[in-house]
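1. quick one, structure for this:
(one chain, ligands or ions: 2)
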Amino acid sequence: MDYDDYGSNAVELAVDLANADRADPGWASAFCAEHHEWFTDGTALELSGKQARAAGATADLVRAVAVADSQAQVMERLNALLALATPRPYATDHDGELHLHYAAPEAGALEQLTTTVAMGLSQVVVQHGWQRVGVCAAEGCGNVYLDTSRNASRRYCSNTCSSRSTVAAYRARQKS
Ligand SMILES: [Zn+2]
Ligand SMILES: [Zn+2]
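-> Residues are numbered from 1 along each chain as shown. Ligands and ions are numbered 1, 2, ... in the order given. From the prediction side, this is the model:
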């Protein structure tokens, strides 16, 4: 997926968090480790059980924004998410590209995660519209996705789900 048009690619972290498998009790620490590039070097990425529940609540709010069906609903849920954030932006080129980080560099992993997710998602919604974040329409998927298509016409999280649904619809038509 190409996030280049989106001012911030921090929204990618929000989408990944909403789609994270939370079955394992250590899921939140594993998620932070997998996404370590979003955290200041040296941040301890292990989250306690309580912090993992907070990360889960953040994930639920991202999903709530994605399933919302009006701008008013999106604003309400986005503002609930932003209320959990502690923004203190700064410019960095730690990976060679000049970009913004949203949380204080010395903040703990949970604060960096929550703040980056809230700010990344908010930027996309206010700059590109509330319909840009959705939930995959493929049966049994439910992944949150970011719609980067020109006319905001996307309905599936991936090409796999799109072609799977096209085939299913074709078969259903053949049957009837
Ligand atoms: Zn960075
Ligand atoms: Zn899907």
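2. surely Tyr90 forms part of a helix?
-> No - secondary structure assignment places Tyr90 outside any helix; it is strand (DSSP: H, G, I helix; E, B strand; the rest coil).
3. beta partners for it?
-> Here Tyr90 sits in beta bridges with His101, going by DSSP bridges.
4. need the contact list for it.
-> Leu100, His101, Ala104, Pro105 (C-beta atoms under 8 Å, 6 or more residues apart in numbering). Any C-beta I mention is one placed from the backbone N, CA and C, and that applies to glycine too.
5. make CSV from those and add distance to ligand 2 to it.
-> What follows is the contacts of Tyr90, written out as CSV (distance: C-beta to the ion, whole Å):
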residue, distance to ligand 2
Leu100, 30
His101, 30
Ala104, 35
Pro105, 35
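6. quick one: contacts of the helix or strand of the chain with the lowest mean pLDDT?
-> Across the helices and strands of the chain, mean pLDDT, DSSP states H and E gives its lowest value to helix 159-175, namely a mean of 87. Under the criterion C-beta under 8 Å, 6+ apart, residues Cys136, Ala137, Ala138, Glu139, Cys141, Asn143, Arg155, Tyr156 lie in contact with helix 159-175.
7. buried subset of those?
-> With burial judged by 16 or more other C-beta atoms under 10 Å, the buried subset of the contacts of helix 159-175 is Cys136, Ala138, Cys141, Asn143, Tyr156.
8. the residues you listed also near ligand 2: which ones?
-> Among the buried ones among the contacts of helix 159-175, the ones lying close to ligand 2 by the criterion of C-beta under 5 Å from the ion are Cys136, Ala138, Cys141, Asn143.
9. right, and the second one touches Arg154 too?
-> No - the criterion here is C-beta atoms under 8 Å, and Ala138 misses it with Arg154 at 11.9 Å.
10. mutual contacts of those two, please.
-> Shared contacts of Ala138 and Arg154, defined by C-beta under 8 Å, 6+ apart, are absent.
11. could you pull out the helices for this protein?
-> Taking DSSP state H to define them, one finds helices in the chain at 11-18, 27-34, 49-67, 71-82, 109-128, 159-175.
12. nearest to ligand 2, out of these?
-> helix 159-175 (3.2 Å; C-beta to the ion).
13. okay, buried residues for stretch 131-151 please.
-> Of the residues in stretch 131-151, those scored as buried under the neighbour-count criterion (16+ other C-beta under 10 Å) are 132-136, 138, 141, 143-148.
14. export those to CSV and tack on pLDDT?
-> Supplementary listing: the buried residues of stretch 131-151 in CSV, determined by pLDDT from 0 to 100:
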residue, pLDDT
Arg132, 92
Val133, 94
Gly134, 95
Val135, 96
Cys136, 96
Ala138, 95
Cys141, 95
Asn143, 97
Val144, 97
Tyr145, 96
Leu146, 93
Asp147, 91
Thr148, 84
